[in-house]
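Q: When you get a sec, could you give me coordinates for this:
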Amino acid sequence: MAFLDNSGDIILDAVLTDTGRMRLAKGDGSFKIVKFALGDDEINYELYNKNNASGSAYYDLEILQTPVLEAFTDNAASMKSKLISIPRNNLLYLPILKLNEVYDASTSMHSTGYFLIAVNDATETELEVDASGVSINGVLMGETPSRGGNRIRVDQGLDTTAISPGRTLDPLLVETQYMVEIDNRLGHLVSRDDSNRASISFVDDDSIATYYVSRGTDAEFISDITDSSNSAQQSIAGPRGTKAVFKIQSSLELNSSDYLFDTIGTTELITGKSGATNHKVISTNIRLTGVNTGYRIDIPVKFCKKS
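A: The predicted structure follows:
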């Protein structure tokens, strides 16, 4: 890793993705560059100084002189912020992705600030309800996803009160496809009613599985937000686009073995049906990225197994 020479010449530094290198190594003709992405993670645009005493030629000088790193080959560390092209030049707001925890109790996180995924039947029974028999928010059933209604929901749109939610979101800003990334050793993406297990697009060298779900073809995961009111159930304040709703099924490894828990996990007290009891826990993130805008969020989850 090093810095690029930014002494004056324009330099483009490009690397292949993990999938690109894999297909190139095969040598069977499957390698073909079909898309690319640009990033500017190092740039702080607040350095633009329109009050520079030397004149307009120096307004962006600090930005142009910012050291820029060489392109990373590690997909987990590169291009946190991707550049996008939008034909309109009069946009005041850009859409975001936002976790919807206000729709109802079934979409809210656990009190620990994570979604808990119970990896086997014993853990599901322990964490499904508390000592009073009341359902516990934020607990997803990992062995039997159809058991219980808790799920993860992410909304997309313009999160501003300056524009009425009754206005239609510009089609250019509507997310029609999402990319979901999760550690393939830990779990898999399934629909809210457990009727469909999403197909993996590829698994990289870090065991991160990538799924692509699209509006229309994957209606169990992606759909339009039809509520255009100022409802307290909506997390997006302005015009809304689509929502992604899904659950996570625990992997067979976590369900039947303690190896990964003992290797990369820890032990925590979690309160459930029997009060506070020890659980083996692996903390991780599920990354959701809008393919159109490049906006992404990390959703914190804990895979839990009753000790």
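Q: contacts, neighbours, all on C-alpha from now
A: Fine.
Q: Now for residue 278: which residues touch it?
A: 267, 268, 269, 270, 306, 307 (CA atoms under 8 Å, 6 or more residues apart in numbering).
Q: three-state assignment of it?
A: The three-state label given to residue 278 by DSSP: H, G, I helix; E, B strand; the rest coil is strand.
Q: Read off the pLDDT value for it.
A: Residue 278 is assigned a predicted lDDT (pLDDT) of 96.
Q: Pull up the gap between it and residue 95, please.
A: Residue 278 is 41 Å from residue 95, where distance means CA to CA, to the nearest Å.
Q: Out of the contacts of residue 278, the closest to residue 74 would be?
A: Proximity of those to residue 74 was ranked by CA to CA; the top entry is residue 267 with 30.0 Å.
Q: shouldn't residue 221 be in contact with residue 211?
A: No - applying CA atoms under 8 Å as the test, residue 221 and residue 211 come out as separate, 11.3 Å apart.
Q: Between the two, which has more neighbouring residues?
A: residue 221 (24 against 19; other CA atoms under 10 Å).
Q: need the strands for the stretch 51-200 of the chain, in chain order.
A: 96-99, 115-118, 139-141, 152-157, 177-183, 187-190, 200-203 (DSSP state E, counting those that start in this stretch).
Q: Identify all contacting residues around the third one.
A: Which is strand 139-141. 109-110, 115-119, 124, 127-128, 147-148, 150-151, 247-249.
Q: Also the fifth one?
A: Outside of strand 177-183, the residues within contact range by CA under 8 Å, 6+ apart are 188, 207-215, 222, 285-292.
Q: Filter these down to the buried ones.
A: Among the contacts of strand 177-183, the ones that count as buried by 16 or more other CA atoms under 10 Å are 188, 208-215, 222, 285-291.
Q: Let me see the mean pLDDT of stretch 17-36.
A: On average, stretch 17-36 scores 86.
Q: quick check: domain ranges of the protein?
A: Listed domain ranges for the chain are 1-83, 96-306 (source: automatic domain parsing).
Q: Just send those back as CSV, with distance to residue 90 too.
A: Listed next are these as CSV, based on distance: least, CA to CA, whole Å:
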stretch, distance to residue 90
domain 1-83, 17
domain 96-306, 12
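Q: closest to residue 89 out of those domains?
A: That would be domain 96-306 among the domains of the chain, by CA to CA, at 12.2 Å.
Q: Any idea how far apart the tips of that closest one sit?
A: Domain 96-306 has its terminal residues 36 Å apart, counting by CA to CA.
Q: how far is that domain from where the chain is centred?
A: The chain centre lies 9 Å from the centre of domain 96-306; the measure is CA atoms, centre = their mean, to the nearest Å.
Q: so what's residue 291 scoring on pLDDT?
A: 89.
Q: I meant residue 2, not that one.
A: 72.
Q: Could you check the pLDDT of residue 200?
A: 94.
Q: my read: it touches residue 210, true?
A: Yes - with contacts counted by CA under 8 Å, residue 200 reaches residue 210, the gap being 6.0 Å.
Q: Give me the number of neighbouring residues for the residue nearest to residue 240 when sequence neighbours are not counted.
A: In space, and not counting its chain neighbours, residue 240 is closest to residue 157: 4.2 Å by CA to CA, 6 or more residues apart in numbering. Using other CA under 10 Å, residue 157 has 27 other residues around it.
Q: The helix or strand that contains residue 268: partners in the sheet, and parallel or antiparallel?
A: Assessed by DSSP states H and E, residue 268 sits inside strand 266-272. Partners of strand 266-272 in the sheet, by DSSP bridges, are strand 275-290 (antiparallel).
Q: Now do the partner strand against strand 177-183, angle only.
A: Orientation check (axes from the mean of the first three to the mean of the last three CA atoms, to 10 degrees): strand 275-290 against strand 177-183 gives 140 degrees.
Q: how about the CA coordinates for strand 275-290, as PDB?
A: This file holds the C-alpha atoms of strand 275-290, laid out as PDB (Å, rounded to 0.1, in the frame of the first residue of the first chain):
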ATOM      1  CA  GLY A 275     -33.700 -14.900  33.100                       C
ATOM      2  CA  ALA A 276     -30.100 -14.000  32.500                       C
ATOM      3  CA  THR A 277     -28.200 -17.000  31.200                       C
ATOM      4  CA  ASN A 278     -24.900 -17.600  29.500                       C
ATOM      5  CA  HIS A 279     -24.900 -17.600  25.700                       C
ATOM      6  CA  LYS A 280     -22.100 -18.200  23.200                       C
ATOM      7  CA  VAL A 281     -22.000 -15.200  20.900                       C
ATOM      8  CA  ILE A 282     -20.500 -14.100  17.600                       C
ATOM      9  CA  SER A 283     -20.800 -10.400  16.700                       C
ATOM     10  CA  THR A 284     -20.700  -9.400  13.100                       C
ATOM     11  CA  ASN A 285     -22.400  -7.000  10.500                       C
ATOM     12  CA  ILE A 286     -24.700  -7.500   7.600                       C
ATOM     13  CA  ARG A 287     -23.900  -5.000   4.900                       C
ATOM     14  CA  LEU A 288     -26.700  -3.700   2.700                       C
ATOM     15  CA  THR A 289     -25.800  -1.600  -0.400                       C
ATOM     16  CA  GLY A 290     -28.000   0.100  -2.900                       C
END
